[in-house]
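[1] What follows is a predicted protein model with its sequence.
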Amino acid sequence: MKLVVGLGNPGPEYADTRHNAGVRILERLAERHGIALGVAGRLEARLGRGEVRGERVALLAPLTFMNASGRSVAAALAALGPLDPAQDLVVAYDDLDLPFGRLRIRAGGGAGGHRGLADIQERLGRSDFPRVRFGIGRPPPGVDSVDYVLAPFDPAEATSLGERLGAAADALEAIIDQGVEPAMNQFNPD
């Protein structure tokens, strides 16, 4: 079984913000494969189970705020286990350091300043799990990073957002079906 996590903040006021790109990717994947995400209170998350390309998956959208995402992920790994994060966990999240819509798959590494990812790494005591980074771009001059990530995508970005979220869901499917290395070869830009 694979545990696929989409990071974001809970509540309707955050639903369309840049910081919720990870959750939106997860929701796109769930929709494609007919997986309903229901509230799992003990995990502090929405959780759905099903199959993606013949692989059993659990899709997790933490209901904690971003900087406490690790609590939900650690609880899910314990409840669904035994799972090896290096092989069985994939996390999708927004990334300021990539241009809008650009994808980057990594097999592991640092958090790059992303507090949700940092909390997961701290709670698990490791950073060797795959992730799909979804570019949201840098804020314009004079705009605070926090304000930027908690704002909706601008109208120009919104026109291609659906297509880009779909490509990110494709990347998750490739990781689930083929593994991290083939997915990196397919989706990471040169």
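    It's in. Residues are numbered from 1 along each chain as shown.

[2] can we go C-alpha only for contacts and neighbour counts from here?
    OK.

[3] Hmm, L43 and A76 touching each other?
    Yes - the criterion here is CA atoms under 8 Å, and A76 meets it with L43 at 6.0 Å.

[4] shared neighbours, the two?
    Residues touching both A76 and L43 by CA atoms under 8 Å, 6 or more residues apart in numbering: none at all.

[5] What secondary structure category should be reported for A75?
    Under the three-state scheme (DSSP: H, G, I helix; E, B strand; the rest coil), A75 adopts helix.

[6] typo on my end, it should be P10
    From three-state DSSP, the assignment for P10 is coil.

[7] For it, give me phi and psi.
    Main-chain torsions, P10, degrees, to the nearest 10: phi -80, psi 160.

[8] what's the longest helix in this structure?
    helix 155-178 (DSSP state H).

[9] what comes up buried for that helix?
    By neighbour count on 16 or more other CA atoms under 10 Å, the buried set for helix 155-178 is 161, 164-176.

[10] contacts for it?
    Helix 155-178 has contacts (CA under 8 Å, 6+ apart) with 2, 21, 24-26, 28-29, 52-55, 90, 100-103, 105, 132, 134, 180, 182-183, 187.

[11] Could you say which helix or strand holds the residue lying farthest from the centre of the chain?
    Most distant from the centre of the chain: G142, at 27.7 Å, with distances by CA atoms, centre = their mean. According to DSSP states H and E, G142 maps onto no helix or strand at all.

[12] What pairs with the strand or helix carrying V91, parallel or antiparallel?
    Assigned by DSSP H and E, V91 belongs to strand 89-95. Sheet pairing of strand 89-95 (DSSP bridges) gives strand 2-6 (parallel), strand 131-135 (parallel).
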